[in-house]
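In: Let me see the structure of the following:
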Amino acid sequence: MMGGWYNGLVTRSWISDTPDEVEHPPIPLGLNRMAVPRAALVLSIGTVVVLIFSAIWVGISAISFLDDLEASFGTTDVEMLESEGRWIWEISLLFDTCSSREDNWEWPESLAEQDGNFLYPGELRCDWEHQGDGDAASVAVFNRGNETLSLVLEISGGGVVFASGGEENLIINDLGPNESIILEIDLIESITEREISITATHVSVLQAQVRLDLNIFEGTEQKDVHVDYNDRIEVDYIVWNADTDEQLDEGTLWVTAGNDPAYIDGFEWSAIGLDIDSDRGGLYPGVDTGTSHTTLLPPPIAYGNSDDHELKDSWLRFQLKVNRAPLSSG
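Out: Residues are numbered from 1 along each chain as shown. Prediction:
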């Protein structure tokens, strides 16, 4: 209403010619004594009814919330998350430097001919030789079960983060049965040598946890440019069958690290972690400043999804060496 408060006419009710006992008749004492208990009783009954309906509403809301939570994060049936006495997911570093995390299993003579459902006989411990602060590596998470998974990944030990968010924690939602995901991890400190761990824990079954240990140490060649996700580089490559050591192919090509639909997932992610001097391989013809490394790819990130491919069950070992990186590369 315009002008703020409304100023209307008010009668002067405090001036009256009517006797006070007429204008304000006395209330019988008996009625006055009963009115309060009755009113209190009515109010109490009303309060109880409101509380009952509130409790029912809260209960229904809680059940709905738990149903939504279970639908979002997947099964909480522990038995459905286990297979062969293990949790149904695995973690590995793509570098071909891994062994038993607790020295409680032997590397298989033939990776492709394992009888079980898992890729590795147990949890892994891997070495990561870095070429300076800012170096990167690729970590793969494999769902080997029939249940869709939501996992919390955490890096402990310091100096390493997930590249996608720059944090030590990351949530993977809805990783489907027999699916895999590859993630970049980045070194954010100058580390001479350090042990860190990466754990993948089920979001609603906290005891369901798989662990990867990494031994990080400084290499002899410190480089200025580190290949990250989406960097376009030229590489020399050689690929072998990891079980037979048969060389399958070699050559030189351009690849977009971690994001190249022209190649299998494991190969494009194998390019991450290569390093080169600030000349990026183009300023001094004939001078080789790029690094090389070797990665090991299980079938799910090689040709395992190609039913008609002759290598669909094969583990592949790639040796990559970076020759050139454009000036736009990070």
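
In: who's in contact with residue 96?
Out: Under the criterion of CB atoms under 8 Å, 6 or more residues apart in numbering, the contact partners of residue 96 comprise 294-296, 317. All C-beta spots, glycine's among them, are computed from the backbone N, C-alpha and C.

In: In space, what's closest to it - neighbours in sequence excluded?
Out: residue 296 (4.0 Å; CB to CB, 6 or more residues apart in numbering).

In: again, but for residue 260
Out: Once its chain neighbours are removed from consideration, residue 260 has its nearest residue in residue 268; the separation is 4.2 Å (CB to CB, 6+ apart).

In: ok, now residue 174?
Out: Taking CB to CB, 6+ apart, and ignoring the residues beside it in sequence, residue 174 has residue 148 as its nearest neighbour in space, at 5.5 Å.

In: mind listing what the one you found touches?
Out: Going by CB under 8 Å, 6+ apart, residue 148 touches 74, 174-177.

In: which residue ranges form the helices in the chain?
Out: The residue ranges that make up the helices of the chain, judged by DSSP state H, are 20-23, 29-73, 265-270.

In: These: lowest mean pLDDT?
Out: Averaged per stretch, pLDDT over the helices of the chain is lowest on helix 20-23, reaching a mean of 46.

In: And for residue 203, the neighbour number?
Out: In terms of burial, residue 203 registers 18 neighbours under the definition other CB atoms under 10 Å.

In: Pull the contacting residues for the residue positioned nearest the centre of the chain.
Out: Nearest to the geometric centre of the chain sits residue 171, at 2.9 Å (CA atoms, centre = their mean). Counting by CB under 8 Å, 6+ apart, residue 171 touches 150-153, 203.

In: Low-confidence stretches in the stretch 201-330 of the chain?
Out: Along the stretch 201-330 of the chain, segments meeting pLDDT under 70 span 281-287, 327-330.

In: one more time with 90
Out: Per-residue confidence of the stretch 201-330 of the chain (counting by pLDDT under 90) places the weak regions at 220-221, 278-289, 305-308, 325-330.

In: returning to that earlier point: now the residue nearest to the centre of the chain: how far from residue 183?
Out: Taken as CB to CB, to the nearest Å, the spacing of residue 171 relative to residue 183 amounts to 12 Å.

In: what sits in contact with each of these two?
Out: Jointly contacting residue 171 and residue 183 under the rule CB under 8 Å, 6+ apart are residue 153.
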